[in-house]
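**Q** Predicted model and sequence follow; I will ask about them next.
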Amino acid sequence: MKHSGQLYTMEGIAAGLIMLITAYLVLSTTSVYTPGDTHITDMQLEQVGSDILRVMDTQRTLTGTQSDLQTLVATSDSSRTFTSMFLNQYLYNSKVIAKETAVGSIGIQINASVWYQRQDGSLWNYTLATSPSALGSFTGKEPGVVVTHWVHLETRPTQPTSISPAEWARMRNEPQEVLVEVDMWKV
Amino acid sequence: MEGLNREAQWIVMMGFLVSLGIFFLAVIISQSTLVGQTTAEGVLEFPKNDIQDLRHDILVVEKFERAESPSTQVMDDIHQELRNISLYQKNANIWYNFSPASSCSLGKRVVNIHYNNGVTVYNETTEVYYVPC
């Protein structure tokens, strides 16, 4: 009877065990990424949005007195400059989004509002801008993100179209800080 | 085990070593996901953008106070407004103050910023240098 086969059997069992353990380790790693952690991907959109607001709140010239964002908030932006500036000038020009639009027709919708403190101390907000097709497309493929930016105003803004004259009268007419809040979501 | 060809012992040993190597590589790969996960969570939890934004605005307020010297009431209102909106919209408790500025000389001003959103407590001391008017 030949004994040489014993060695091959032992090696085979050892190799099989090692492969099983390796396969178990590799497969068990995938379970670390749970569905609750998918918001990691939202970080990109949030960072881009936050950067855009920061760029918009930077003065174009060294001697300038107001940034684009300050002007837009202060003049109530009746010509929808905020939307076109935020979406067309900055967001769709960024490399992050350009890569995605090449894959399919991915659009980003925005809804910007301004939070301020009234004369009596309570907080209120008005809508600064919505993207053209925001109404009716509130559902998106992915969870939306909210980006914010503080803006310094020298007086209250000229009356925004989205609030009544009575509400406008409640705004503090002195230097103030307002919070521009932009909801962004993919459709 | 006479008659067995002992040359094959090399093959067995090398096979064993290689499989051990693969095993340790698999251990490293399994750890890397965990490390990436904890790092990403650490980055996510820290409100970097909120703090940078807050500092930017507080420095704007500081410049506004130095340049236009508004009344104490105006500055108190701005402080109260920042605190209120931050608490209700950003879930963060904030507080700041400036050291006094001499009106028209070369100077340094210390800006203290406190930020607390229940998870992250952040304190910052920034110095602002300004030139005579």
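**A** That came through, no problem. Everything quoted here is computed from the prediction, not taken from an experiment. Numbers count the residues shown, from 1 in each chain, chains lettered A, B, ... in the order given.
**Q** Per-residue pLDDT of B:E41, please?
**A** At B:E41, the pLDDT value in this model is 77.
**Q** Sorry, slip of the keys, the one I care about is B:A67.
**A** According to the model's per-residue confidence, B:A67 sits at a pLDDT of 84.
**Q** Next secondary structure element downstream of the strand or helix carrying it?
**A** Element membership of B:A67 [criterion: DSSP states H and E] is helix B:48-68. On the C-terminal side of helix B:48-68, the nearest following helix or strand under DSSP H and E is helix B:72-90.
**Q** Quick check: buried residues in that next one?
**A** Of the residues in helix B:72-90, B:V74, B:M75, B:D77, B:I78, B:H79, B:E81, B:L82, B:R83, B:I85, B:S86, B:Q89, B:K90 count as buried by neighbour count, 16 or more other CB atoms under 10 Å in any protein chain shown. Backbone N, C-alpha and C define where each C-beta goes, glycine included.
**Q** Quick check: the third one vs B:I94, distance?
**A** Read it as B:D77. With distances defined as CB to CB, to the nearest Å, the gap from B:D77 to B:I94 amounts to 15 Å.
**Q** Over to the fourth one?
**A** Using CB to CB, one gets 12 Å for the distance from B:I78 to B:I94.
**Q** Contacts only, for residue 91.
**A** Let's take chain A. A:L91 makes contact with A:V48, A:G49, A:I52, A:I97, A:I108 under the criterion CB atoms under 8 Å, 6 or more residues apart in numbering or on different chains.
**Q** um, chain B though
**A** Shown in contact with B:N91 (CB under 8 Å, 6+ apart): B:N117, B:G118.
**Q** For residue 56, give me its contacts.
**A** No chain specified, so I'll use chain A. When contacts are counted by CB under 8 Å, 6+ apart, A:M56 touches A:S67, A:D68, A:L69, A:L72, A:M85, A:F86, A:Y90, A:H149.
**Q** my bad, the chain I had in mind was chain B
**A** The contact partners of B:H56, by CB under 8 Å, 6+ apart, come to A:R54, A:D57, A:W150.
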